[in-house]
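J.: Just need the structure, nothing else, for what follows:
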Amino acid sequence: MQITLRWWHAGAGEMMIGVKRLAGAALGVLLLTAGAAAAEPAPRPAPSPEARTAARFDAIVKDRAQLRLFLRAMPKGGDLHNHLSGAAYAEDFLAWADEGGLCVTTDVLPAIATGPCDAPGKVSAKGLATADTALYNRAINALSMRSYDPGADGAMASGHDQFFATFGRFGAAGDGKLGAMLAVAREYAAGDTVDYVETSVNPTAMSDLAWSFKDAPWTDDFAGALAAVKPKLPAMVAQARQEFDAAEADADRRQGCLAQKPRTGPCAVVLGYQAFAGRILKPSVVFAQLASAFALAQGDPRFVGVNIVAPEDHPVSLADYRLHMRMFQFLHAQYPDVKLSLHAGELTLGLVTPRELRFHVREAVETAGASRIGHGVDIAYEDGAQATLARMARDKVAVEINLTSNDVILGVKGADHPLALYRKAGVPFVLSTDDEGVSRIDLTNEYLRAATEQGLTYADLKAAARASLEYSFLPGPSLWASPRAPVAACARPGAACDRFLAGSRKAAAQWRLEREFEAFEAGR
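T.: Numbering: from 1, shown residues only. Below you'll find the model as predicted:
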């Protein structure tokens, strides 16, 4: 692979400019000594492509349509906070319901359901878009945040309730459609100039194993609980690998990837998976899920990390929060190489009592050992927040910022959002979508909100795109020795850099992003 590094060429160019300036200075001295007029000053160098691009951004930042065009074309690296089931749009689920012979209920808030479809209150999803356009559109609204109006008849009382209710309404259509969901995630990412998606998804075998412990008593004996789960883990990992082998092959067939060499478009989007536990379940099931997730992350390199999901304000989530963090602490000691990205602090004043706002991010960092924090919205309400922020900055614990999700679910936006607080403390951050299909957004939308509502500059957004790969759980060392300098092997093009990139999926993704930035900035 031939490598041409912009920073190497830029350095060489600066060196040549320096040589020319030295030569000009020497000539000026000679002319002055001879009594001649002083040489004219050298012309100012032209602005760099990055500077021109930043100037273009500044010129259009108040024109939302122009800014959208600019940001859609801008390379964004990765989307690190993404739920596979929430990434598909309502129209995708209705199409899969059509394919699978499922039904749509005729309730005020329709849902996708199993048959028979001639039962009262149900109609077939087959051809629904044309057979009953009004019901089809009501279904899209019920399966997402589209046209959500909390005051409308039948609507949920809050965006929070509507958001989380959608998953139960479209869930049946996702059963058996893992390959199709992977294909959709890649399609949307490619269309949004996103190279890498780190998405939360569990294999069927993992869910089956965890549910087998639903009647097991819980005694806080972590070692005993692990001993009960451990014999079942190797078979679960093997079955999970087979399921994802088949799903990825299905996605490749759907998108015509098998004949592509090299892969382009959606086929070139890299997916990394996070296995997760559901925090509203019984402790015995949560522990079995977490033990399975850790084993899967260790046994299959496609599973790059472990997470915990479901509404953090649910009564069970609140009651068991510290228990869950101790579960992570115990299992992390058993599997120290497994990375953790934990939903923490997805709360705000009024949603829960003040006492519940005082410790969630801190516990996720200090007790569980999270490498990244998802949301982190309640940080300003936490005890010892400054110390937690300082620790996150020191240990490079990145926070995943989901601006639209935080607005829709929590009502937190604009100056009330803690992004500025994290940035001032030096905490690394990335911009992400959370559930783009449910929210009906894309990552470009989040970059646009960051610029228009949070005041981020082009340099800030470019740094966030780079951070999305730097703090991803892609395996291998980083391309960067420091924010402005590559590792020694890639200080200049050559075989050493080729070997380094070939041995690190993370560095290879970062290299690809730099090439994309070169092309993007050259065209501004």
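J.: switch to C-alpha atoms for all contacts and neighbour counts from now on
T.: Fine.
J.: Neighbouring strands - and their directions - for the longest strand seen in the chain?
T.: Using DSSP state E, we find that the single longest strand of the chain is strand 270-278. Each strand pairing with strand 270-278, determined using DSSP bridges, is listed with its direction: strand 196-200 (parallel), strand 303-309 (parallel).
J.: chain center to the shortest one, what's the gap?
T.: Think strand 196-200. Relative to its chain's centre, strand 196-200 lies at 6 Å (CA atoms, centre = their mean, to the nearest Å).
J.: pLDDT averaged over that strand - what is it?
T.: Throughout strand 196-200, pLDDT has a mean value of 98.
J.: Dump it to PDB, keeping only the CA atoms.
T.: The C-alpha atoms that make up strand 196-200 are tabulated as PDB, following Å, rounded to 0.1, in the frame of the first residue of the first chain:
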ATOM      1  CA  TYR A 196     -17.400   3.000  11.900                       C
ATOM      2  CA  VAL A 197     -20.500   2.200  14.000                       C
ATOM      3  CA  GLU A 198     -20.200   0.800  17.500                       C
ATOM      4  CA  THR A 199     -23.600  -0.600  18.000                       C
ATOM      5  CA  SER A 200     -25.300  -2.400  21.000                       C
END
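J.: one step back: now the element after the longest strand of the chain, going C-ward?
T.: Helices and strands here follow DSSP states H and E; after strand 270-278, the next one along the chain is helix 283-299.
J.: what angle sits between that next one and strand 270-278?
T.: Between the axis of helix 283-299 and that of strand 270-278 there is an angle of 160 degrees, by axes from the mean of the first three to the mean of the last three CA atoms, to 10 degrees.
J.: helix/strand/coil for Phe57?
T.: With DSSP: H, G, I helix; E, B strand; the rest coil as the basis, Phe57 sits in helix.
J.: Identify the residue nearest it in space, chain neighbours excluded?
T.: Nearest non-adjacent residue to Phe57, counting by CA to CA, 6 or more residues apart in numbering: Tyr458, 6.3 Å away.
J.: how far is stretch 264-281 from where the chain is centred?
T.: Using CA atoms, centre = their mean, the distance from the centre of stretch 264-281 to the centre of the chain it belongs to is 9 Å.
J.: For Thr133, see how far away Gly127 is.
T.: Remark: distance between Gly127 and Thr133 (CA to CA, to the nearest Å) = 10 Å.
J.: Distance from stretch 482-499 to the middle of the chain?
T.: Relative to the chain's own centre, stretch 482-499 is displaced by 27 Å; criterion: CA atoms, centre = their mean.
J.: Do me a favour and get the end-to-end distance for it?
T.: Distances were taken as CA to CA; on that basis the terminal residues of stretch 482-499 are 20 Å apart.
J.: Show me what counts as buried in that stretch.
T.: Residues of stretch 482-499 classed as buried by neighbour count (16 or more other CA atoms under 10 Å): 486-487, 489-493, 497-498.
J.: Of all residues in the protein, which one is nearest the centre?
T.: Among the residues of the chain, the one closest to the centroid is Leu80, at 2.0 Å (CA atoms, centre = their mean).
J.: did I read that right, it in a strand?
T.: Yes. With the criterion set as three-state DSSP, the secondary structure at Leu80 is a strand.
J.: Which one of the buried residues of stretch 482-499 is nearest to His332?
T.: Closest approach between these and His332, by CA to CA: Val487, at 29.4 Å.
J.: which ones are touching Pro392?
T.: Actually, residue 392 is Met. It isn't Pro. For Met392, the contacting residues are 365, 398, 427, taking CA atoms under 8 Å, 6 or more residues apart in numbering as the criterion.
J.: That one sits in which helix or strand?
T.: Counting by DSSP H and E, the secondary-structure element that holds Met392 is helix 385-395.
J.: List the strands paired with whatever helix or strand comes next after that helix, with their directions.
T.: Counting by DSSP H and E, the next helix or strand C-terminal to helix 385-395 is strand 398-401. Next to strand 398-401 in the sheet, as set by DSSP bridges, lie strand 372-375 (parallel), strand 429-431 (parallel).
J.: So what's the gap between strand 398-401 and the chain middle?
T.: In this view, strand 398-401 has its centroid 9 Å away from the chain centroid, taken as CA atoms, centre = their mean.
J.: now what about the helix or strand following it, what contacts it?
T.: Moving toward the C-terminus from strand 398-401, the next helix or strand (DSSP H and E) is helix 403-405. Residues from elsewhere that reach helix 403-405, judged by CA under 8 Å, 6+ apart: 413, 433-435, 439, 446, 449-450.
J.: who wins for most neighbours among those residues?
T.: Taking other CA atoms under 10 Å to define a neighbour, the member of the contacts of helix 403-405 with the most is Asp434, carrying 30 neighbours.
J.: quick one, strands of the stretch 1-150 of the chain?
T.: Remark: strands assigned in the stretch 1-150 of the chain by DSSP state E, counting those that start in this stretch are 78-83, 103-105, 112-113, 122-124.
J.: Quick check: which of the ones you listed is nearest to Gly176?
T.: Ranking those by their distance to Gly176 (criterion: CA to CA) puts strand 112-113 first, at 14.3 Å.
J.: Which elements pack onto the closest one?
T.: Taking 3 or more CA pairs under 8 Å, 6 or more residues apart in numbering; DSSP states H and E as the contact definition, the neighbouring helices and strands of strand 112-113 are strand 103-105, helix 159-174.
J.: how close does His160 sit to Phe93?
T.: The separation that His160 has from Phe93, given CA to CA, amounts to 21 Å.
J.: Next: Gly171.
T.: For Gly171, the distance to Phe93 (CA to CA) stands at 8 Å.
J.: more crowded one of the two?
T.: The neighbour count for Gly171 versus Phe93, taken as other CA under 10 Å, is higher for Phe93 (23 against 16).
J.: so what's the more buried one up against?
T.: Applying CA under 8 Å, 6+ apart, we find Phe93 in contact with 170, 173-174.
J.: Scan these and report the most crowded one.
T.: Using other CA under 10 Å as the neighbour definition, the contacts of Phe93 reach their maximum at Phe170, which records 28 neighbours.
J.: In strands, which of the buried residues of stretch 482-499 fall?
T.: Mapping these onto strands (DSSP E) picks out Pro486.
J.: I'd like the buried residues of stretch 482-499 as JSON lines, with pLDDT and distance to Asn402 appended.
T.: Rendered in JSON lines, the data for the buried residues of stretch 482-499 read as follows (pLDDT from 0 to 100; distance: CA to CA, whole Å):
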{"residue": "Pro486", "pLDDT": "96", "distance to Asn402": "29"}
{"residue": "Val487", "pLDDT": "97", "distance to Asn402": "31"}
{"residue": "Ala489", "pLDDT": "96", "distance to Asn402": "35"}
{"residue": "Cys490", "pLDDT": "95", "distance to Asn402": "33"}
{"residue": "Ala491", "pLDDT": "90", "distance to Asn402": "35"}
{"residue": "Arg492", "pLDDT": "88", "distance to Asn402": "37"}
{"residue": "Pro493", "pLDDT": "85", "distance to Asn402": "37"}
{"residue": "Cys497", "pLDDT": "97", "distance to Asn402": "35"}
{"residue": "Asp498", "pLDDT": "96", "distance to Asn402": "35"}
